[in-house]
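Peer 1: Just the structure for this:
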Amino acid sequence: MMLVNTYGFNEIYNKYPNMVVPSYQRAYTWDKEKVEDLLTDWEEYLQKEPTHSYYMGTLLLYCDKKNETYEIIDGQQRLTTLALIYYSIEDQLLSGQDLSYNQMMSAYNIANNLNFLRSKKEMLQKFNEADIFSKLDFTLIVSDNQDHAFSFFFFFFNRGVSLGVYDYLKAYHLRAL
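Peer 2: The predicted model follows:
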């Protein structure tokens, strides 16, 4: 079964509080340039259409009923970046945003992006005043069948940060284990 719906940023964490980054997921790779692109997009959005929602794309989750968690199949880069921005504004994370990562590259990029965001306090304050997180919308797809979720991802979603052959093989074999 696949469920598809549109949710706001806060609604996602209320409805799916047990999201996890599975061990087969690749590292968090967004650098400060990618984060800055998002912040610039938000600035332009607030100048042009602040009454409309800002579409953040699609998230794909696998509902692991055995562990009572939702594995992030697609959207980890955006969710992590949003958690970093939220933390930089609110000095805390939402319940469910405390994701764990198993690669050193993730820790490196998270630390660099947090430092970068600390240098953008004035800009982040504007986003806070505009209540940016209440304006973020996502399409959320949740599957209770892991094979269907991965098939869906490989055929429809592989458009973000390019996956290399190594990434495909690693994800496939780690998932199989």
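Peer 1: tell me what the longest strand seen in the chain is packed against?
Peer 2: Using DSSP state E, we find that the single longest strand of the chain is strand 54-64. Using 3 or more C-beta pairs under 8 Å, 6 or more residues apart in numbering; DSSP states H and E, the elements in contact with strand 54-64 are helix 32-48, strand 69-74, helix 76-90, strand 136-143, helix 146-152. Every residue, glycine included, has its C-beta placed from N, CA and C.
Peer 1: Just list the residues touching the residue nearest the centre of the chain, thanks.
Peer 2: For the chain, the residue nearest the mean C-alpha position is Leu79 (1.9 Å; C-alpha atoms, centre = their mean). Contact partners of Leu79, counting by C-beta atoms under 8 Å, 6 or more residues apart in numbering, are 19, 59, 72, 97, 99.
Peer 1: Which residue is the nearest non-sequential neighbour of the second one?
Peer 2: The one in question is Leu59. Gly75 (3.6 Å; C-beta to C-beta, 6 or more residues apart in numbering).
Peer 1: And for the last one?
Peer 2: Distances taken as C-beta to C-beta, 6+ apart put Val21 closest to Leu99, at 5.0 Å, once the chain neighbours are dropped.
Peer 1: distance of the closest residue to Tyr16 other than its chain neighbours from Leu79?
Peer 2: Nearest non-adjacent residue to Tyr16, counting by C-beta to C-beta, 6+ apart: Tyr70, 4.9 Å away. From Tyr70 over to Leu79 the distance is 11 Å, taken as C-beta to C-beta, to the nearest Å.
Peer 1: Also Ala111?
Peer 2: Counting by C-beta to C-beta, the gap from Ala111 to Leu79 is 17 Å.
Peer 1: CA atoms only: put stretch 27-40 into CSV for me.
Peer 2: Extracted C-alpha coordinates of stretch 27-40, given in CSV (Å, rounded to 0.1, in the frame of the first residue of the first chain):
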residue,chain,number,x,y,z
ALA,A,27,25.9,10.5,3.7
TYR,A,28,24.5,14.0,4.1
THR,A,29,26.2,15.8,1.2
TRP,A,30,24.8,19.3,1.0
ASP,A,31,27.5,21.9,1.3
LYS,A,32,27.1,25.6,2.2
GLU,A,33,26.5,26.6,-1.5
LYS,A,34,23.5,24.3,-1.7
VAL,A,35,22.2,25.6,1.6
GLU,A,36,22.8,29.2,0.4
ASP,A,37,20.8,28.4,-2.8
LEU,A,38,17.8,27.3,-0.7
LEU,A,39,18.0,30.5,1.5
THR,A,40,18.2,32.6,-1.6
